[in-house]
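Participant: Prediction below, plus the sequence it came from.
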Amino acid sequence: MKQNYVLLKTKGGKVNEVYAKLHDRDDVEDATITMGEHDIIAKLNLESDEELYSFYKEFNSLDGVEVVNVLPSFMDKTNEADFDDMGYEAWILVKAKGDIDTMLDKLLKINGMAEVAAITGEWGILAHAYDDEIEDIGMIALKAQDIEGVDTTETLLAFPEHFARP
């Protein structure tokens with residue numbers, strides 16, 4: 001199964017409607033409402049590029065979707081720790097120089113980092129972090145920025161479903 005990610009920017013107060021459509025799909029492993037440039041990030045399990053393109057076309061044509069950024073992953077690494085009970089979550093987009101495998105390993109060593117993926121597109125790396133304290137999520141993002149070779153990051157703070165915007 002090929003891992004892919006999608007960033008969605010919604011319009012006209014449609015974030016909950018789009019979020020619900022994502023959760024109704026079998027090929028969406030996880031979807032989260034975020035605060036940042038994008039409103040929703042979703043992790044997809046698709047078999048082929050054709051399925052990814054079909055997903056893109058479907059969501060790009062929805063009335064409430066302004067922008068769909070598809071981020072195919074070509075390398076994923078996960079931390080074996082259990083992050084299910086953590087209260088806060090963030091997705092961190094990373095622009096970096098250097099060996100991608102080494103960068104993924106360095107990011108994954110940060111306490112609270114659950115998974116990292118090398119993605120296509122502007123950013124290059126997508127990291128997923130969890131912690132009990134909101135301040136510690138910020139520290140995880142700062143530690144990612146301090147890694148040699150990291151040029152810039154953008155942190156998308158995720159909200160539990162009950163904090164979904166109207």
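Facilitator: Yep, it's here.

Participant: can we go C-alpha only for contacts and neighbour counts from here?
Facilitator: Will do.

Participant: residues contacting the closest residue to Ala158 other than its chain neighbours?
Facilitator: Excluding the flanking residues, the one nearest Ala158 by Cα to Cα, 6 or more residues apart in numbering is Thr34, at 4.2 Å. When contacts are counted by Cα atoms under 8 Å, 6 or more residues apart in numbering, Thr34 touches Ile40, Ile41, Ala90, Leu156, Leu157, Ala158, Phe159.

Participant: With distance to Asp24 as extra columns, can I get those residues in a markdown table?
Facilitator: As requested, the contacts of Thr34 are exported to a markdown table (distance: Cα to Cα, whole Å):
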| residue | distance to Asp24 |
| --- | --- |
| Ile40 | 15 |
| Ile41 | 15 |
| Ala90 | 22 |
| Leu156 | 23 |
| Leu157 | 23 |
| Ala158 | 19 |
| Phe159 | 19 |
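
Participant: Filter these down to the ones in strands?
Facilitator: Ile40, Ile41, Ala90, Leu156, Leu157, Ala158, Phe159 (DSSP state E).

Participant: which of those residues lies closest to Asn69?
Facilitator: Ile41 (9.5 Å; Cα to Cα).
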